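Asker: Task: produce atomic coordinates for the following.
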Amino acid sequence: MSTLNEVELAVSQLLPEDLAAFRAWFAEFDAGAWDKQIEKDVAAGRLDVLAQKALEHLREGRCTDL
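Answerer: Residues are numbered from 1 along each chain as shown. Down below sits the predicted model:
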């Protein structure tokens, strides 16, 4: 499977239990990819401005407890 169309076709032909297993696997795979991207962004300083703004809001009492 080398193209998106091939992957889509294969997924569309899965049995319901296999589709459920694939969905669970993909959710974990996607979350791992997201975590890696966030780690890269943090290391590169891309989130520093947002972190500073959040800390500023906290100091100013502009945050609410969840």
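Asker: And the residue sitting furthest away from the middle of the chain, how close does it get to Asp35?
Answerer: Going by Cα atoms, centre = their mean, the residue of the chain most distant from its centre is Glu60, 30.2 Å out. Applying Cβ to Cβ, to the nearest Å, the value for Glu60 to Asp35 is 30 Å. C-betas here are computed from N, CA, C, even on glycine.
Asker: in which helix or strand would I find Leu9?
Answerer: Assigned by DSSP states H and E, Leu9 belongs to helix 4-12.
Asker: returning to that earlier point: from Ala54, how far off is the residue farthest from the centre of the chain?
Answerer: The value you get for Glu60 to Ala54, if Cβ to Cβ is used, is 11 Å.
Asker: With Arg46 instead?
Answerer: Taken as Cβ to Cβ, the span from Arg46 to Ala54 is 14 Å.
Asker: Also Ala21?
Answerer: 38 Å.
Asker: Check Ser12 too.
Answerer: For Ser12 relative to Ala54 (Cβ to Cβ), the value is 42 Å.
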